[in-house]
Structures are given as C-alpha cells and as structure tokens.
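Undergrad: pasted the sequence and its predicted model underneath.
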Amino acid sequence: MELLLSGAETVYDRVADAIQAQIQRLDDEFDHTLIRRRLDATAQGDDVSVRVAIGLAACKAAVRARARPAVLCALVPKADFMALAHDTPKAPTVSAIYLDQPIARQFSLARALVPNASQAGLLAGPRLQQSRGAIISAARAAGFTLNLLTAQDERTAAAAIQPLVTDSELILAVYDPTVLTPTSAKWLLHLAYKRQRPVIGFSRAYVDAGAIAAVFSTPEQIGTQAARAIAPFLRRQGSGLPPPSYPSDFAVAVNRPVAAALGLAPPSDEQLMREVAAQLKAAL
C-alpha cells in the first residue's frame, strides 16, 4: 500500500496518520508494508496493490501514472475528481472520498441554527449551476425557498453578493472556488455581518473568518473512511473499491461571538449534530 501526499501541508499528514492508525485497529493480520511519500519525492512503490492519493495533485498523478494499482483519492473536490475520471477513460480502478460536503448537510445546519428562517441565499458558479435542481430540492427538504444567484467568475460574483445578502435571510457559502475566492468570500462575510445575515460555510476556516457556523469533515474522519475503503485489498479479499462518495462522517463548528452579535443562541455542537442528523434522516 502506498500513501501519496500532494505536499507538505499538515492536513495531508493528518489524513495519512489516520489511515495508518485505522488500518492497525482494523486487523493485525494486514500486510502492513506501507510506503508514504510526497508527490515531489522520488517515485517508488510501483508494485503496490492500492495507492491512496491525498489531495488533488496526488490524485491526478496517481490516476495518470504508468503503474496502475487501484487508486483511492481522498480530500479531493467532487467536480475536479469527476472531470479527471472523465478525461482519463483508461484509468485503473479508481474511487474517491470528496473534500466537499453534500449540500443537504449545510441546509440542515442552517435550519437547526435559524429555525424560523424561510429563505436561504446561495451564490452558484459554473460548477454548482450544473446541480441547480438538486440544490433546490435540498433547500425545499429543509423548509427553505431558495434565492439562487449565479456568477461565472470572481468579478461577476462581487456584483452578485450585495443583492444576495440584501434579499436573503441567511446565506450558504458552498464550495465553488471559481466564484468564492478568498477575496469574494471576505466581501460576502463582511456584507453579511453588516446586514445581520448568518452565513453557513463548508470549512472551519469559514467559521474562523466570520461565518456563524460550518459543516465539514475532519482529516481524521476522511482518513478513517479511506482506511475502511481499502481494507479488502489488505485482506486480499477482492479488488473493488466503493464508489466515489462524500465523507460519511462530519462535524460542525459554531462562531458563538458572531452568533451572539446576530441575536442567535445556538445549542451546543453536540445538539446541533443530533439535529442535523435527524433532519437528514427524515429527508430520506
């Protein structure tokens, strides 16, 4: 087994550490021969049965490599992985655990945080616009009408943010780096706070930057899921990987000073998790 890391960032090592720890917990009879290397290191491990590529750069390198074991990509955006799989039709057995969250989780968190809100705003770039129907359905399932504005790039996003904030009771900041760049996200958070509109993000970084809350999966959760996905290879019980999927486990974080400034008093993180899980279960 090989763990291929996109770079030296701590998040990649945290995923890799979680994979190793979970593999050791699952079964002491596994073949624990494991290679961990970064993308810029000398190539090795071509005879491994499965390669876990952590991060998008590692995923691209693993899928396009000459040596083609099964590849599980972790911590990769769904849209980027789908494009890579489409452009590499002769790729090996390949699957993924996405970086982004299913939109229903953000809507459910929004409902738990602002139970009386009726309208949610969302800015959709080119990627999200392809999922317009699913987004509207997820909003409806959580009891929201959706104020969906579209943009094609950072420039048009800047123009759309003000009406989005003005005409929405709360805003979902959904992963779409074409329009929600660091600059436009900062502008969104600034205007939303000024207008007293809660923003629900998709990462802890959004909470630290001023969003009221976010739903996300930790590197440890993603690493644990990856280890379970490759377990059959290590037991030599088969060669199939589970289909690409969103992270199965997730966490929430709340910026309580921002919540208080907006006149909201969210329950504990644990209670929010229970409420989100109950809403998602009810929507099935």
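TA: Sure thing, it's come through.

Undergrad: list the contacts for the residue nearest the centre of the chain?
TA: In the chain, the centroid-proximal residue (C-alpha atoms, centre = their mean) is Asp100; its distance is 1.9 Å. With contact set as C-beta atoms under 8 Å, 6 or more residues apart in numbering, Asp100 has these partners: 77-78, 175, 202, 246. For glycine as for every other residue, the C-beta is placed from the backbone atoms N, C-alpha and C.

Undergrad: can you check Ile230 too?
TA: Contacts of Ile230 by C-beta under 8 Å, 6+ apart are 1, 50, 52, 70, 72, 241.

Undergrad: among these, which ones are in strands?
TA: Cross-referencing the contacts of Ile230 against strands under DSSP state E gives 50, 52, 70, 72.

Undergrad: and the second one, how many neighbours?
TA: In this case it means Val52. Neighbourhood size, Val52 [other C-beta atoms under 10 Å]: 29.

Undergrad: repeat for the third one
TA: The tally of other residues near Ala70 (other C-beta under 10 Å) stands at 20.

Undergrad: what number of residues lie near Arg235?
TA: 13.

Undergrad: element containing Ile230?
TA: Ile230 is part of helix 219-235 when elements are defined by DSSP states H and E.

Undergrad: just checking, next helix/strand downstream of that helix?
TA: strand 251-254.

Undergrad: neighbouring contacts of that following strand?
TA: Counting by C-beta under 8 Å, 6+ apart, residues outside strand 251-254 touching it are 109, 113, 204, 207, 212-218, 221, 266, 269, 272-273, 276.

Undergrad: okay, now the sheet partners of it, with direction.
TA: Its sheet considered, strand 251-254 pairs with strand 213-216 (antiparallel) by DSSP bridges.
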